[in-house]
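**Student:** What shape does this take:
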Amino acid sequence: MPGNVSVQNQEPSELFETAGKSVYVLLAAESRESFKARKGVSQGSAVAISRTHALTNCHVIGKDRRWFILVRKRKGIVASLAHADPASDRCIVRVRRPVLIPVLAIRPDDSLKVGERVYTIGSPRGLENTLGEGLISGLRKWKGVRVVQTTAPISRGSSGGALFDARGNLVGITTFLLRDTQNLNFAIAAEEYWR
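**Tutor:** You can find the predicted model right below:
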């Protein structure tokens, strides 16, 4: 798990510039052929935690998809599934060559406090690396894992993206929102991927 938790607050523009490099668009399809034909391609996000591995949500990948591409600035990297826990929606993908830019640190979820400012970076509707801002509004459990409730926006296509604290530490993987409500958005606590 990436260490050296930062204690220095960053301006949103600085955070986006540094932390945003670790967030990728994730495209998933049943096969290379179906990807090329643009049939059944799903789109979400993934967050690099090493030079070869990235965290995402299993619902982004789906059950029948076996062809994955991580994209950043129009450059694609073929990936494969490294680990899947569909029951808790935690998946990890990997690339063969060490080319990913990992987050600098992952903050333990037991140090998070309601009211802290947080930022989302994801790709809603394919709009690569969109920045959102909000607060931690709750710390809860969902399907046996710890989740961070936030007012920071999570839209379709943001699943698998990053939730950062104001210091640029990864605190969660954006996962779902409650429909027909306002600002009830949730991210799986990043530390849960090591439990």
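**Student:** so what does the biggest strand by length in the chain touch, helix or strand wise?
**Tutor:** Counting residues, the longest strand in the chain under DSSP state E turns out to be strand 130-142. Under the contact criterion of 3 or more Cβ pairs under 8 Å, 6 or more residues apart in numbering; DSSP states H and E, strand 130-142 touches helix 12-19, strand 117-122, strand 145-150, strand 185-189. In this view, the C-beta of every residue, glycine as well, is placed from N, C-alpha and C.
**Student:** What average pLDDT does the longest one get?
**Tutor:** To tie it back to what came earlier, the one meant is helix 12-19. For helix 12-19, mean pLDDT is 96.
**Student:** Mind listing what's buried along it?
**Tutor:** Going by neighbour count (16 or more other Cβ atoms under 10 Å), the buried part of helix 12-19 is Leu15, Phe16, Thr18, Ala19.
**Student:** neighbouring contacts of it?
**Tutor:** Applying Cβ atoms under 8 Å, 6 or more residues apart in numbering, the contact partners of helix 12-19 are 10, 103-104, 119, 121, 129, 131, 133, 162, 164, 166, 168, 170.
**Student:** Columns distance to Phe68 on top of the helices and strands packed on strand 130-142, output as a markdown table?
**Tutor:** Output for the helices and strands packed on strand 130-142, formatted as a markdown table (distance: least, Cβ to Cβ, whole Å):
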| stretch | distance to Phe68 |
| --- | --- |
| helix 12-19 | 22 |
| strand 117-122 | 17 |
| strand 145-150 | 23 |
| strand 185-189 | 19 |
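**Student:** Looking at the ones you listed, which is nearest to Asp85?
**Tutor:** Each of these has some distance to Asp85 by Cβ to Cβ; the shortest is strand 145-150, at 9.0 Å.
**Student:** What pairs with that closest one, parallel or antiparallel?
**Tutor:** Under the criterion DSSP bridges, strand 145-150 sits next to strand 130-142 (antiparallel), strand 185-189 (antiparallel) in its sheet.
**Student:** quick one: strands adjacent to the next helix or strand after that strand?
**Tutor:** Scanning forward in sequence from strand 145-150 by DSSP states H and E, the next helix or strand is strand 162-165. Sheet pairing of strand 162-165 (DSSP bridges) gives strand 117-122 (antiparallel), strand 170-177 (antiparallel).
**Student:** returning to what we had before: any idea which of the buried residues of helix 12-19 is closest to Ala79?
**Tutor:** Ala19 (20.3 Å).
**Student:** circling back: which of the strands paired with strand 162-165 sits most buried?
**Tutor:** With neighbours defined as mean count of other Cβ atoms under 10 Å, the strands paired with strand 162-165 peak in mean count at strand 170-177, which reaches a mean of 26.
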